[in-house]
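[1] show me how the following folds:
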Amino acid sequence: MIEVRGLTKRYGDKTAVDDVTFTVSPGLVTGFLGPNGAGKSTTMRMIVGLDRPTAGTVTVNGAPYARHRSPLTEVGALLDAKAVHTGRSARNHLRAMAATHGIPRARVDEVVDMTGLASVARRRVGGFSLGMGQRLGIAAALLGDPRTLILDEPVNGLDPEGVLWVRGLVRELADGGRTVFLSSHLMSEMALTADHIVVIGRGRILADAPVSEIVGAASGTAVRVRSPGATQLIPLLEQEGATVTAAAPDLLTVTGVDSARVGELASREGVVLHELTPVSSTLEQAYMELTAGSVEYHSTARPDAGSPS
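    Numbers count the residues shown, from 1 in each chain. Next up, the predicted model:
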């Protein structure tokens, strides 16, 4: 279990993490989301003792990380896959880590096989691709068979097979009663993987709830309507209090009324419908709504975008 209480981190005049409190419970996959610069990495670094809090406390499995006598068997962390000795082979990197905790070499061989690195285990890490480096980082996190796993962007650079493998791995670990805390910018992946979500923006917690609850609190269900008589439907729907957006001459997105009511109005007016589909909110939509006022870096379209050069 990870317990964060009133955690604050300031760098001079800048507050990177501001009075953050949350709990990561065993038996669940807890996702950690937030825009760039929101405080995710700083929070994760404070959990494993790499940054000292300005205020507040954080414990892992009942104690601060630095007080664990055998940290690799308590907490496995992937925070920076590039933080390795590039001149060592993957196997030797893991053996060096194992030696610090008296972990047998047989366990090194296990995690090498588990992470799909057997064929490259004797190669120098400096020649690894991004995906291979991620697998090595995950192998290092698993080395001590820890009760708690902290993974920052674990699927970064992985191919589809690797992404599926990580998804199954974290699910298996959580189902076995372990604590799993991971961050990702891939909303679709987080929606498939996480049970619980913590959202941070500008250093403060914006949401801390099960995925279903966060998605359910978003703007709600829309209805996609496709019809050759779409223009006839617009005033009828607006009279019902609906908000209607025309994505194309024959395609409407309707909010404020349900699909049954749209169908009744179309039937009453003799309007043919080619499609009538409820579209539920997604985790991505919920996330964008939650963080709308907390995005520090905004992208804009180039003025000449789309024009020939």
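[2] contacting residues for the residue lying closest to residue 34 once chain neighbours are set aside?
    Using CB to CB, 6 or more residues apart in numbering and skipping the chain neighbours, the partner closest in space to residue 34 is residue 200 (4.0 Å). Heads up, the C-betas are built off the backbone N, CA and C, glycines and all. When contacts are counted by CB atoms under 8 Å, 6 or more residues apart in numbering, residue 200 touches 20, 32-34, 38-40, 43, 206.
[3] also residue 143?
    Residue 143 neighbours (CB under 8 Å, 6+ apart): 72, 76, 94, 97-98, 103, 107-108, 111.
[4] try it again at 6 Å.
    Residue 143 makes contacts with 97, 111, as judged by CB atoms under 6 Å, 6 or more residues apart in numbering.
[5] quick check: pLDDT value at it.
    Residue 143 is assigned a pLDDT of 97 by the prediction.
[6] can you verify residue 180 is assigned to a strand?
    Yes. Assessed by DSSP: H, G, I helix; E, B strand; the rest coil, residue 180 belongs to a strand.
[7] for the stretch 101-250 of the chain, what spans make up the helices?
    In the stretch 101-250 of the chain, the segments counted as helices under DSSP state H, counting those that start in this stretch are 105-114, 130-142, 160-175, 187-193, 211-216, 230-239.
[8] show residues contacting the fifth one.
    Think helix 211-216. Contacts of helix 211-216 with the rest of the structure, by CB under 6 Å, 6+ apart, involve 194, 197, 207, 281, 283, 286.
[9] what about the strands in the stretch 151-300 of the chain?
    179-183, 196-201, 204-210, 222-226, 243-248, 251-255, 275-279 (DSSP state E, counting those that start in this stretch).
[10] list the buried residues for the fourth one?
    Same thing as strand 222-226. By neighbour count on 16 or more other CB atoms under 10 Å, the buried set for strand 222-226 is 222-225.
[11] can you lay out those as TSV showing pLDDT and distance to residue 52?
    Output for the buried residues of strand 222-226, formatted as TSV (pLDDT from 0 to 100; distance: CB to CB, whole Å):
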residue	pLDDT	distance to residue 52
222	83	47
223	90	52
224	91	51
225	95	56
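[12] from residue 100, how far off is the residue positioned nearest the centre of the chain?
    The centroid of the chain falls nearest to residue 184 when counting by CA atoms, centre = their mean (3.2 Å). Separation of residue 184 from residue 100 (CB to CB, to the nearest Å): 29 Å.
[13] same check on residue 196?
    In this view, residue 196 and residue 100 are 32 Å apart by CB to CB.
[14] tell me which of these two has more neighbours.
    Set residue 196 next to residue 100 and count neighbours by other CB atoms under 10 Å: residue 196 wins out with 21 against 11.
[15] now do the contacts for the residue nearest to that one when sequence neighbours are not counted.
    Closest residue to residue 196 apart from its sequence neighbours, by CB to CB, 6+ apart: residue 30 at 4.6 Å. Each residue near residue 30 by CB under 6 Å, 6+ apart is listed here: 24, 181, 196.
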